[in-house]
Structure formats: structure tokens, C-alpha cells
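> based on what follows, work out the 3D shape:
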Amino acid sequence: MKQYIIATILLLAALTGAAGADTFECSNCTDCNEKIQSANVGDVVRLTADITDCDGNCIEFNGADGVTFDGGDHVIDGDGDYSGRGIHLSSDSDDNTLTNCEITGFRYGIELFRASNNKIQNILAYSNVGGGIAIFYSTANTIRDCILQENSQYDFHFLPDSLTDCNNRLIHVTGSGGRPIEFYNQSVNLQDREFSALYLCNADNSILNNITIRGSDSLKNNGLRLYFTDNSNLMDIVSSNNFGGVLLDNADSNKLQNVKCNNNHHHSIHVCSCSFNTLERTETNSNSQCGIYLSDSPSNKLTNITSSSNSFAGVYIDRSSSTIINNSHIRNNVGMGININSAGANRIYNNYFSNADNINFAGTTVYANDWNVAHTTGPNIVGNPYIGGNYWSDYRGMDNNSDGFGDTAYNVNGTGDSNIDYLPLVMPMPMCGDVTGNGMIDMDDLLRLLERVVTVTPVDYCISDIDGNRYINILDVRLLMGHINDSTRYPLNCGCGEE
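Sure, this is the predicted structure:
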């Protein structure tokens, strides 16, 4: 009803001409706010001087409608504590226009909170900590011809509450690095593009192929964010050195393949309130929070992932039951390999775990999970012929029958019968001549062995002394070369060499 009344007033103003619209000048935050609150629909409030060292919010609309704030090409500068907003359109501040100013030093340069049908144009927002421009739970707003750069977390920050909030537009918006920020609210096919930030909201059945998200060259900001977007395919995506790599929020049945999200400030891939997504061949290394964070997101699949050296966890399963994780390497994470909080019925098998704390159960209740599948033809994650459970770096059991499984079960983090890997994987016996340890004998092994002979690079003596004479020298190199060309004529007979 309110929108109808405002639209009617605006139409009447247009029919009667612009003669009734007034322009008011102001020179500071308080002065501008008083003029905005007393303005009528169609009036203009114009800033006539720079504003510096503002503490808290500066320009406040407080529910004012149909007013134009013209910054007059002046600067609105916060005091640097990043606690306020340069311009704040709070709830029900609708049908306004913001134009022609620079905003810096605030938490958000401009924030719209449950404010709709506003226009933002010709704004330069930089060095704000939360975002240059933020649109929260608002619809039908347009950002046009703006430059949003070098803001600490997001040049453009967007949070929707429902599908309706996807109805916003960004037109000719430039982000950090001079790269575009784009926003799509319908199905899109994007290929071979680079963005400063990219948003999909209500963009079902989209295709993203060979896309790079690259925010600031000096700050870790921006990222790729999908809201209310289902049944889409993302392939060959790079979102590294950003604030967050990739976010899926209320986005179901999507497939992400060949995604690299490394060295981000926050979570690398965050899956929030989503189901039936598949993450395949993802690389999430050296992020300041989690490699992959599943929150309130049941029934997703992670397969063939690499998640290493993250500051908190390789994977965090948070209230996200029925997750499948398989065929993956989760190693060297600072906090833990997988953190599980209030989640059960997860199936986690054929993974390589090597962390100081491989699995951690958070919360007061530990639920049952499956840590192996039935004995199945492989090969498995460590190169043995059968798939069963997981490889655990702290497993100390034996494999006396050489079937590739430990003879005793692995109690996951000592939690009892509800979390047992009954078929823990053990490493295969080292292969004579496999100097690189990758399960094959090829030219890479020859080059590594030659490097050892020339530069005394450390190698495993027991698989590198291939003629068995207790020394590693050029004779081993010649024999390995012959074996690669003709294994029958040049058999290997490893011993354990000496320095």
C-alpha cells in the first residue's frame, strides 16, 4: 500500500512539473539529516562541503521517501573506527536517489536495510571495512555507474531474505582491480570471464565455465556468491586470495567441478542451508577458516577434494547430516581434518587423513556415522586394490594378510561403537624403483634418482638402491633407465643403500 501511495505522489509531481520540487543545501551530517527529514517527495538535498572524521552514521534517511541526496562531488569521510555508515537507508526508506559523492572510512559506505526502489549512481566508495555498498533484505534497487574499490571485505555486500530480494540490479559497477562486479537474477551462461565479484540470485540452470574471481590485488576481498540458485553447473572456477571463495546459500542441486579456492581470508567454500549439491575435484588450501564449511546443509556430496593447511578445519560438517565425503585428501590442517557438530548418518570413506587431529566431534552429542563401505574393487586412495574405509595417519594396526586393510578396526576419535572404521586402509609396500612414491615407475623416478646422484638430494634408500649393492650411484641410474625401456631385460633388485 505504501509503495502505491508513493508512486501516486511521484506521478502527480511529474504531471505538475518540477516547479514544486525544492533544493536544499547542507554542509554537515546533522544539517543534511534535518533537511532530508523535512523534505517532500521529489525534493533534492545537496551537500556543499566535504565531511571529515564522522563518528558513527552520517547521512540518515530514517524512513524518508522520494528524496534525492546529491553529494555535490564532495567527500564523506568516517573517523576510521569503521563503526558507522556514510549513508544509511534504514527500513522503509524507499524511492530515493543517492548520487555524486565519495565515501570512505566507514563500516559500510552506503547501507540499504529493508529499503526498496532506490537508485544509487555515480558513487565512489573505497577503504570501508565491511563494504563499499551493502544491500540487506531489500528489493528493486539499482546501482549504476559506481566505482567500489579497495573495501576490506566486500566492495559490494548483498544479503537476501527471500527470492523477492533478488530483484536488484547492478549496471556498470567497477570493483577492486578495475574489474567488473556483476549481479544476475536469471539463468546465465558465463564463460572465460574475470570478475572482481560475482553474484547469482534466483538464477537457476546457470552455467559458469572458466570463471576467475579476483578482488583487490592488495586486500583479500570479494568472492563468488550464489543465493536461491538451483540446478546450475560451475566448472573450472578460481576464487583465491579473496575474502571468501564461493558461497552457496539456499542453493540446491548444483554441481561444482574443478574449483580452486585457496588462501582466502574466511571460509573457502561455504555451503549454507543447501542440499543435494556435489563438489567434485575442488582444491581448498591455506584458508584462514575452513576449507569447506557445511552449515545446516544435509545431503551434499564431496568427492575427490583436496583440503589442506587450513587454519581451522579441512571440512566442517555443522548440523549437516547425510553428507558423503570420499576419494579425498584432507591433510595438514591446523585445527582438525574434519569437525563434526550435531550431525550424523554421514558416510565418509576412501579418504586420506593426515592431520594432528584427524576428526573432532563438537557439541554435547556424538551421532553415529559410517566410516567405511563394504569391501569393493578399487583401487583405493593409497593405491591398494580394494576400497573399504579411510587411511588414518595415526592408525597403528597391522595388515598381516596383506589385503590392504588393517587387521583391527579404527575407533574414530575414541567415540565408541557409533563411529568405527572397520576397514582402515594401510599403505602398500614400497615399490622398488618408485623413487617419487607415486605408485608408478617412469621418467620422473629416473630424474629424481639422477638428481640424488648429482646433488645428494634425500631419497628413500630402500627403493632407490635398485641394483642392491648397498650404494646409490650412476649404476642405479643406468639400471633404472634400462628397466623403464625393457622391464623384462632389466629387473630391479632393491637393497637398502648407505650414504
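> need the strands for the stretch 351-499 of the chain, in chain order.
Counting by DSSP state E, counting those that start in this stretch, one finds strands in the stretch 351-499 of the chain at the ranges 352-354, 359-362, 376-377, 386-387, 391-392, 410-411, 420-421.
> likewise for the stretch 1-150 of the chain?
In the stretch 1-150 of the chain, strands defined by DSSP E, counting those that start in this stretch lie at 23-26, 44-47, 51-54, 59-60, 68-78, 85-89, 97-104, 108-113, 119-126, 131-136, 142-149, listed in chain order.
> how about the stretch 151-300 of the chain?
Going by DSSP E, counting those that start in this stretch, the stretch 151-300 of the chain shows strands at 154-159, 169-174, 180-184, 189-195, 197-201, 207-213, 224-227, 233-238, 246-249, 255-260, 269-272, 278-285, 290-295.
> residue 383 and residue 425: what is the separation?
10 Å (CB to CB, to the nearest Å). All C-beta atoms are positioned from the backbone trio N, CA, C, and that covers glycine.
> now do the contacts for the nearest residue in space to residue 40 that is not next to it in sequence.
Nearest in space to residue 40, with sequence neighbours left out and distances taken as CB to CB, 6 or more residues apart in numbering, is residue 22 at 7.3 Å. Shown in contact with residue 22 (CB atoms under 8 Å, 6 or more residues apart in numbering): 39, 40, 43, 44.
> hmm, 10 Å instead?
When contacts are counted by CB atoms under 10 Å, 6 or more residues apart in numbering, residue 22 is found next to 35, 38, 39, 40, 42, 43, 44, 45.
> burial of the fifth one, as a residue count?
Applying other CB atoms under 10 Å, we find 19 other residues in the vicinity of residue 42.
> again with the first one
Other residues lying near residue 35 total 21 when counted by other CB under 10 Å.
> and the gap between it and residue 99?
Spatial separation of residue 35 from residue 99 under the definition CB to CB is 16 Å.
> run through the chain and note the low-pLDDT ranges.
Applying pLDDT under 70 to the chain flags the ranges 1-20, 439, 496-499.
> please redo it, this time with the cut-off set to 80
Per-residue confidence of the chain (counting by pLDDT under 80) places the weak regions at 1-20, 82, 429-431, 437-440, 461-462, 495-499.
> pick out the residue closest to the middle of it.
residue 245 (2.5 Å; CA atoms, centre = their mean).
> nearest spatial neighbour of that residue, skipping sequence neighbours?
residue 261 (2.9 Å).
> thought that neighbour was touching residue 284?
Yes: the pair residue 261 / residue 284 is scored as a contact, 5.1 Å apart, by CB atoms under 10 Å.
> shared neighbours of these two, anything?
Between them, residue 261 and residue 284 share the contacting residues 240, 245, 246, 267, 268, 269, 291, 292, 307, judged by CB under 10 Å, 6+ apart.
> could you provide those in a markdown table, with additional columns for distance to residue 83?
Formatted as a markdown table, the entries for the shared contacts of residue 261 and residue 284 read as follows, by distance: CB to CB, whole Å:
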| residue | distance to residue 83 |
| --- | --- |
| 240 | 30 |
| 245 | 28 |
| 246 | 29 |
| 267 | 25 |
| 268 | 29 |
| 269 | 31 |
| 291 | 32 |
| 292 | 32 |
| 307 | 35 |
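> out of those, who's nearest residue 342?
Within the shared contacts of residue 261 and residue 284, the smallest distance to residue 342 is 17.2 Å, found for residue 292 (CB to CB).
> count residues in the vicinity of that closest one, would you?
For residue 292, the tally of surrounding residues (other CB under 10 Å) stands at 30.
> verify the stated contact: it with residue 285.
No: in this structure residue 292 lies outside contact range of residue 285 using CB under 10 Å: 11.2 Å.
> show me whatever sits in contact with both of those two.
With contacts taken as CB under 10 Å, 6+ apart, residue 292 and residue 285 have 261, 268, 307, 310, 314 as neighbours in common.
> roughly how far does the second one sit from residue 359?
The spacing between residue 268 and residue 359, counted by CB to CB, is 19 Å.
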